[in-house]
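[1] Test case, fold it:
(one chain, ligands or ions: 1)
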Amino acid sequence: MPATAAPDRWRLVLVPHTHWDREWYFPYQRFRARLAGFFDLLLDILERDPEYRHFMLDGHTILVEDYLEVRPDRRALIERYVREGRLAAGPWYVIPDESLPSGEALVRNLLRGHRVAQELGGVMPVGYLPDPFGQIAHLPAILRGFGIERCVFWRGTDDSLKTTEFFWETADGSDVLVKHIAGGYGIGGPFPIEEDAFYDKIEDIRARLQPLARVRTLLVMWGSDHVPPQPELPGLIRATNARLAGAEIVHGSLPQVFEEIEAHVAGPNGLPRRRGEFRSGQHAHLLPGVLSARVWIKQRTFACEQLLTRWAEPLALWSGLLRRRLGENWHEPPPPAGPTSPHPKEAQSEAGLLDRAWRLLLENQPHDSICGCSVDQTHDEMRPRFDQCDQIGDDVAYEAMRRIGAQGPAERVHVFNPLPGPRTDYAKAVVPAQSGAEPVALVDDHGKRWPCQRIASAAPRPGRVTVGFVAGDVPGFGYQTYKIEYAAVTNTGRPPRALAIENEFFKVTVDRATGALNVLDKKTGARHRGLNRLVDGGDRGDEYNYCAPDPDALVDRPAAPAQVRLVESGPARQTLEVTMTYRLPAALTPARERARRVVSCPVRVLVSLSPGIPRIDVRTEIENRAEDHRLRAHFPSGVRTEVSHAEQHFGVVTRPVALPTSDRTWSEEPVGTHPQKTFVDVNDGKRGLMIANKGLQEYEALDARGGVTVAVTLLRCVGWLSRMDFPSRKGHAGPPLATPGAQLLGRHVFEYSIIPHAGGWPRAYADAHRFATPMRARWNQSGTGQLPPSASLLELAGDGLVVTALKRAEDGDGVVVRLYNTLDKKSSGRVRLAEPWSRAELVDMKEDALTPADVVDGDVRLDLRPNQIVTLRFAP
Ligand SMILES: [Zn+2]
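    Numbers count the residues shown, from 1 in each chain. Got it, this is the predicted structure:
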C-alpha cells in the first residue's frame, strides 16, 4: 500500500529507451551500423512529432559519440534535444559491469560520462544500471560522489526486497533512492503497435508492478536490447488513456518518476532502507560465471588500471610539479633511444595522452565486454585497446621516472613505491655490468646494505645485468636511491639442493604427490597443508554460468609425482620450481559428460620467499589443452568460520559461506563463487589466511572438513556464448553462438600470494596491496643531484586509509588525491603533499569544491566514517 497520502489514480510513467550494448553478439562496427540507423530514426521522430516528448539514451554517452563520428552534422540537433530535455544523456560513459572494474575506474567512467553529457547540454542525474550482473555494495557512495541521489537497477534482488522503492545505503551513510525495475528494463517487450495489444500490455505491467509499489507512480521501461523508438507511441498512449480505469499513462523521464516518488514519500523514514550488495539470482539472471570467463580480460583490465592509477598518473604529476618548482634549474634529459623528437614538456599534452588511455580502457569495460560473454571477434578487438592503453601508460610512466631521476643523484638505482610507506619489498633492476665483478648489494644513503642476487634468466642488453633485491625503507608515494656495491666473482660451489625454502616467517615444502605446498607459519606455529592444490572439474555451462557435469570427474593431482627444484637461492629471494603434468579430460562428450580421452597439460609453479616479507608469492603457468573445464587453486585454511571477507570497491564485503536456500522457482541456482578485488580472507579473529591476486576476480569459500577452503578460479573454459541445456540457469542469456576463443587453449600465467596472518583481515590487507602493486626500479646514469637520495610526493598516516588516485586535477589546476577508509570502523589520519600548494579543499568526485580542508601545520587532517571516500584537491 502507498506509504502516504497519494493521488487517487495510478500514474504509469512510460520511459521510452533502448538498451544499447555497444559490442556483444555482434562486434562494435556491426552494432554501430544499426546505431546510425537507430539515431536517424529517433531524430526524425523528435523533429516531426512534438508530442514525442522524451527518449532516454540508456544512461551512457559513448553511443552518442559513436553516432556523431559518422554524423558530425547532427551534433547541434542532439544538443538542442538534450537541452530541451527530450533526450536524456549520461551519467555513465559506458554501462559497466560493476564488479570487475576497479572503484577508481567506475569513478572515471562517471567522470567522463558527465563531461560528455555536459558538453551535449546536460546530465541525467540518475544512476541508471539496467543490466549489470549484480550491484556492488559501495555504489551509493560512488553515485553520491557525483551528487546523484537516485538510482535505477534491475538484477540481484531476492524476495527479501518487498517494494520497488527503497533507500540503499553504504556503511559511510551515503544513500540513494532506488526505483527497482522489477521485471527488467525490457518489461514492455515486444512493444505492440496495435491499440488493443498495447492496452493489454499496459494492464499486464500494471498487474505485475502495482503490488510492489509504495507510491502510485509506476515506472514503465519501454525499450529493450537495441530496439528502435516507436513513432506510434504518442498515439497509443492517447488512445489507451481513454480506456484505462483508475490510471493514466504519462510519457515521461526517469527524473520525473523520482520527483513523483519524492513528493509522496514523507521523508527518508517512509521507505525501507537496505545496505550491501545485491547478488541473488532469484528473480533475474545474475550470471556469476562472467567473473571467470576469459580470464585474460580480467588480468589485463587489472594491469591497465594499475598502470594508469599507480604509475602513469602519479609520476607524470610529480614530474610536472618538480619542473614547476625547479624552474630554470630543471634538467631535461636528452631523449632516450628512438625518435629524436622529445616527449611532451607540457603537462596538458601528457594529460591528453592519459585521457586517451582511459578512453581505450573504458571502451573495454561495458558489461558485455569486460565480462567475456560475447563472441570471439568482440573480445579479439579488446586486445589492441589494452595494448594501446598499455603503450601510452607505460611510456608516460617511464618518461616521468627518467625525468625525476635526472634531477636526482647520478649512478643510483631509483626504486619507486606507489603505495604508503616506508615499504620494504622485493624489486628488480637492470644495472651496469662490471667485468670480473658482480653486483652484490644495494646501499642506501644511510650506508645500509641490501644484498642482491643476479637473475640469470632475465637477459637485458649487453653490458647490463638484472638483479633482484629487497629494497628497504622506500618512502610512500616516493622513491629511494641506492648505490651498487660490486665484488669479485667467487666460486660459490655447487648450488644448494634443498627442497625447502624459508625466511623468518615461513618454511615452505612441496608435497610431490599433489604438487601442493605445505607451509609452517613460524610466528604462530600453524601448519598449513595442501595449499595451492590445483583442482580441475568439468564445466557444461556457457560464458555466463558455470555448471558442473553430472557426474563430475575431478582431477586434483598430477599424473606423476611433481618434480621440485630450487631455482633461486640468493640473499634476496629463494624460489622453488614445481613442474608437473595434469592429465585432463579433453572436452565434454556430446552428452555433456567429461570425456574419457585425456590431454596432458604441463604445469609449472614458482614459489618465492624473500627476507622480511610476510608473503608466499606464487606464479602458476599452465599450457591448457583441455576444453569445457574449470581449474581452481585450493587453499585449505584450517579456519572454522561461517563467513569470508573479500575486498571490493572502497571497502571489504563479508559474505556467508553457506548458500541461500532456494527452490525451483529461482531463475538461477545459487552459487558460492563471488567477486573479489585484490584479496579474499578467512579468519576466526585469532588467525587467518588471506589469498591476494593480480586480476583473478572469482573465489569461493568452501566449507570443508577441518575448516574453510578458499578456491580461486584460474581458468573457466567454455565453448558457447549461451546454452539452454544445463540446470544451473533457466533460459538463455544471449544467442546460442559458438565461442571457441572462450576455451582459452594455450599458455596462461597466474599470479597470487599466500598470506597467513594473526588476527583478522585488517592485519594483512596492506600486504595484499603490496603484492598486487610491486615497486619499479630504474638505473639512473646521470643526474643533477638537486633532489635528495629519497623523497616522497605524498605522506599518508592513518589506520585503514587507502589511496586510489593521485593525479593532476581534471581542469589542470592542482593535485587531486582520493582515498578511503577500508575499515568497518571510524578512522582518522593525515595527508601531506610535499610539493608547494596554496589551498587544500575537499571536493566531490567531479572535483567541484565542497569545503575547505582542515589543515594543521601543512597536514590535512581527516576523520573518516567506515568506508568513507574522500577526494582532496590542492590548489597550486
Ligand atoms: Zn546489456
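
[2] any low-confidence regions in the stretch 551-700 of the chain?
    Applying pLDDT under 70 to the stretch 551-700 of the chain flags no residue at all.

[3] could you pull out the helices for it?
    Ranges of helices in the stretch 551-700 of the chain, per DSSP state H, counting those that start in this stretch: none exist.

[4] In it, which residue sits closest to the ion?
    Per C-beta to the ion, residue 667 is where the stretch 551-700 of the chain lies closest to the ion, at 16.4 Å. Placement of C-beta: from N, CA and C, glycine included.

[5] That residue against residue 732, yeah?
    No - with contact defined as C-beta atoms under 8 Å, residue 667 does not reach residue 732; the gap is 11.7 Å.

[6] Any regions of the chain where pLDDT drops low?
    1-7, 266-269, 491-495.

[7] Next to the ion in this structure, residues from it, please.
    21, 131 (C-beta under 5 Å from the ion).

[8] what about whichever residue of the stretch 601-750 of the chain sits closest to the ion, how many neighbours?
    Taking C-beta to the ion, the ion has its nearest neighbour within the stretch 601-750 of the chain at residue 734, 9.4 Å off. Residues within reach of residue 734, counting by other C-beta atoms under 10 Å, total 20.

[9] hang on, it is in a strand, isn't it?
    No - remark: residue 734 does not belong to a strand; assigned using DSSP: H, G, I helix; E, B strand; the rest coil, it is coil.

[10] ok, it - contacts?
    24-25, 373, 543-544, 721-722 (C-beta atoms under 8 Å, 6 or more residues apart in numbering).

[11] Most neighbours of all these, which one?
    residue 373 (30 neighbours).

[12] I'd say that residue and residue 721 touch.
    Yes - counting by C-beta under 8 Å, residue 373 does reach residue 721; the two are 6.6 Å apart.

[13] So for the two, which residues contact both of them?
    543, 734.

[14] ok, residue 271 - contacts?
    Residue 271 touches 3, 163, 165-167, 177, 214, 265, counting by C-beta under 8 Å, 6+ apart.

[15] what about residue 851, how many neighbours?
    The burial count for residue 851: 8, using other C-beta under 10 Å.

[16] from here on, count from 11
    New numbering, starting at 11: the last item is residue 861.

[17] can you pull the contacts of it?
    851-852.

[18] Then it would be within a helix, right?
    No - the assignment for residue 861, made by three-state DSSP, is strand rather than a helix.

[19] in the sheet, who's paired with it?
    residue 852 (DSSP bridges).

[20] and it, how far is that from residue 477?
    48 Å (C-beta to C-beta, to the nearest Å).

[21] same check, this time on residue 730
    48 Å.

[22] repeat for residue 165
    Taking C-beta to C-beta, one finds residue 165 at 50 Å from residue 477.

[23] One more: residue 401?
    To residue 477, residue 401 is 27 Å away according to C-beta to C-beta.

[24] Tell me the backbone dihedrals of residue 771, please.
    When read as degrees, to the nearest 10, the backbone of residue 771 gives phi -60, psi -30.

[25] Run through the residues that contact the residue of the stretch 411-560 of the chain found nearest the ion.
    Going by C-beta to the ion, the ion is nearest to residue 554 of the stretch 411-560 of the chain, at 11.8 Å. By C-beta under 8 Å, 6+ apart, the contact list for residue 554 reads 295, 297, 299-300, 303, 383, 732, 739, 743-744.

[26] Next, check the residues you listed against the strands and list the overlap.
    Using DSSP state E, no member of those sits in strands.

[27] Now restrict those residues to buried residues only.
    295, 297, 299-300, 303, 383, 732, 739, 743-744 (16 or more other C-beta atoms under 10 Å).

[28] any idea whether the residue of the chain found nearest the ion is helix, strand or coil?
    In the chain, the residue that lies nearest the ion is residue 141 (3.6 Å; C-beta to the ion). Assigned by three-state DSSP, the conformation of residue 141 is coil.

[29] next structured bit after whichever helix in the chain runs longest?
    As assigned by DSSP state H, the longest helix anywhere in the chain is helix 392-416. Using DSSP states H and E, the helix or strand that follows helix 392-416 in sequence is strand 422-427.

[30] So what angle separates the directions of that following strand and helix 392-416?
    For strand 422-427 against helix 392-416, the angle by axes from the mean of the first three to the mean of the last three C-alpha atoms, to 10 degrees is 130 degrees.

[31] next one: strand 422-427 to chain centre, how far?
    Taking C-alpha atoms, centre = their mean, to the nearest Å, one finds the center of strand 422-427 at 28 Å from the center of the full chain.

[32] ok, back up a step: which SS state does the residue of the stretch 411-560 of the chain closest to the ion fall under?
    Strictly by three-state DSSP, residue 554 counts as coil.

[33] do you know how far it is from residue 440?
    Distance, residue 554 to residue 440, by C-beta to C-beta: 44 Å.

[34] Tell me the bridge partners for the residue nearest to residue 233 when sequence neighbours are not counted.
    Spatial nearest neighbour of residue 233, chain neighbours left out: residue 27 (3.8 Å); criterion: C-beta to C-beta, 6 or more residues apart in numbering. Residue 27 has these beta-bridge partners by DSSP bridges: residue 66.

[35] OK, contacts around the residue of the stretch 561-710 of the chain closest to the ion?
    If you count contacts by C-beta under 8 Å, 6+ apart, then residue 677 has 291-295, 739-741 around it.
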